[in-house]
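Colleague: how would this look folded up:
(one chain, ligands or ions: 1)
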Amino acid sequence: LSKQQQQEVYEERHLKFISSLGKGNFGRVDLCRYDPLGDNTGEMVAVKQLQSSKQSNMADFQREIQTISSLHCDYIVKYRGICYSAGRLSMRLVMEFLPFGSLISYMEKYKHIITTRRMLLFTSQICKGMEYLQHMRYVHRDLAARNILVSSDTLVKIADFGLTKIVPLDKEYYRVTQSGESPIFWYAPESLSEYKFSHKSDVWSFGVLLHELFSYCELSRNPKRLSLHRIGGDIQSAMMTVHLFNVLKENWRLPAPALCPPKVYSMMMQCWAFNSEDRPTFSILQDLIESSLQDERE
Ligand SMILES: CCc1cc(O)ccc1-c1ccc2c(C(=O)Nc3ccc(C)nc3)n[nH]c2c1
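Modeller: Sure thing, here's the model as predicted:
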């Protein structure tokens with residue numbers, strides 16, 4: 001079977017645990033080898049335990065699987081299938097394994113050798129992935145460096161943990177975000193004030209992701225830290241959204257990262273237009289990225 005025709009049902013007995021990929025912002029994920037031939041030639045996959053205790057969740061769950069399995073794009077982490085645990089009500093989500101893990105850990109590790117060109121290549125790939133999601137009428141709502149995975153030194157992919165977002169653990173519901181990360185610092189003003197999400201709010205988040213990337217995903221310079229510095233870090237969380245909305249209304253924006261090419265910061269600023277209709281589309285952003293790539297080529 002070609003990779004594309006790979007059956008969607010994985011038999012538990014052939015799913016061999018290799019190691020834990022750590023508790024990223026997507027909950028606990030394991031590296032497994034799916035080895036039906038039993039000769040260690042099977043493919044490596046990333047596997048996540050999903051519990052869906054109530055019947056209602058099952059409907060949500062099936063719908064999410066329908067969506068995730070319908071996304072076929074080189075710049076979106078591929079859904080591989082589902083492994084039904086014999087007897088137990090739980091099941092496991094099987095996704096494509098990306099050998100370099102999260103963009104945040106990658107940038108921390110390689111920031112001294114990664115070039116502006118390479119960062120613009122990653123930017124272009126994420127933009128293409130978002131163009132595809134928009135074409136599929138899919139709003140991501142949580143575009144951030146923590147949700148980008150690295151396949152190789154020249155390829156990154158968008159992971160949408162939508163599935164892991166909606167499936168609660170058998171006891172409590174948990175938000176799929178980096179421990180301590182509050183997504184409000186990636187939210188467009190209309191998302192903060194009216195909880196409205198659209199392709200245009202994804203563009204706003206894309207600008208914040210660009211800021212993370214060109215700040216080498218450094219924790220000291222991350223959007224949450226910089227925003228809290230501006231609005232005062234000591235306010236309780238309920239007021240944080242209001243304060244953040246107000247400073248954005250008064251045209252405060254994240255400052256240009258050190259060494260950031262002017263054209264790239266200008267792109268971020270266009271993504272952060274207060275009125276959503278003034279923001280560029282992902283295809284316009286693609287042209288701006290190409291033009292920045294040209295500058296880096298000369
Ligand atoms: C199955 C959970 C999931 C659910 C979803 O909806 C979307 C994506 C994923 C997912 C999450 C993590 C990974 C990983 C990885 O973490 N890889 C790595 C490689 C190397 C190191 C050190 N750490 C880590 N690879 N593919 C992955 C897919």
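Colleague: And for the closest residue to the ligand within the stretch 101-250 of the chain, the neighbour number?
Modeller: Closest contact between the stretch 101-250 of the chain and the ligand, by Cβ to the nearest ligand atom, is at Gly101 (2.9 Å). Glycine gets a C-beta too; all of them are placed from N, C-alpha and C. Gly101: 17 surrounding residues under other Cβ atoms under 10 Å.
Colleague: State the distance from it to Lys16.
Modeller: Counting by Cβ to Cβ, to the nearest Å, the separation of Gly101 from Lys16 is 20 Å.
Colleague: Might one say that the residue of the stretch 101-250 of the chain closest to the ligand is in contact with Leu21?
Modeller: Yes - using Cβ atoms under 8 Å, Gly101 is in contact with Leu21, at 7.1 Å.
Colleague: Could you check how far the longest strand along the chain is from the centre of its chain?
Modeller: Ranked by number of residues, the top strand in the chain under DSSP state E is strand 15-24. Mean-position distance between strand 15-24 and its chain equals 19 Å (Cα atoms, centre = their mean, to the nearest Å).
Colleague: Name the nearest residue to Phe274, sequence neighbours excluded.
Modeller: Counting by Cβ to Cβ, 6 or more residues apart in numbering, Pro189 is the residue found nearest to Phe274 once chain neighbours are left out, at 5.8 Å.
Colleague: which ones are touching Ser198?
Modeller: Residues in contact with Ser198 (Cβ atoms under 8 Å, 6 or more residues apart in numbering) are 139, 190, 276.
Colleague: what about the residue nearest to the second one when sequence neighbours are not counted, neighbour count?
Modeller: What that stands for is Glu190. Leaving aside its chain neighbours, Glu190 sits nearest to Lys196 (4.4 Å; criterion: Cβ to Cβ, 6+ apart). Neighbour count for Lys196, taken as other Cβ under 10 Å: 14.
Colleague: Lys196 and Phe274, how far apart?
Modeller: Per Cβ to Cβ, Lys196 is found 13 Å from Phe274.
Colleague: remind me which residues of the protein are low pLDDT?
Modeller: 1-7, 24-26, 51-58, 88-89, 163-182, 298 (pLDDT under 70).
Colleague: Strands along that one, start to end?
Modeller: Under DSSP E, the chain gives strands at 9-10, 15-24, 27-34, 43-50, 79-84, 91-96, 148-152, 155-158.
Colleague: what lines up beside the shortest one in the sheet?
Modeller: When pairs are called by DSSP bridges, strand 9-10 turns out to pair with strand 79-84 (parallel).
Colleague: How about the strand it pairs with and the ligand, any contact?
Modeller: No - figure legend: strand 79-84 not in contact with the ligand (Cβ under 6 Å from any ligand atom); closest approach 7.5 Å.
Colleague: buried residues in that strand?
Modeller: Within strand 79-84, the residues that qualify as buried are 79-83, counting by 16 or more other Cβ atoms under 10 Å.
Colleague: now stretch 283-298
Modeller: Of the residues in stretch 283-298, 285-286, 288-289, 292-293, 296 count as buried by neighbour count, 16+ other Cβ under 10 Å.
Colleague: Reformat the residues you listed as CSV; add distance to the ligand.
Modeller: Converted to CSV, the buried residues of stretch 283-298 look like this (distance: Cβ to the nearest ligand atom, whole Å):
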residue, distance to the ligand
Leu285, 23
Gln286, 24
Leu288, 28
Ile289, 24
Ser292, 28
Leu293, 27
Glu296, 28
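Colleague: so which of these comes closest to Thr116?
Modeller: Among the buried residues of stretch 283-298, Glu296 lies closest to Thr116 (Cβ to Cβ), at 5.3 Å.
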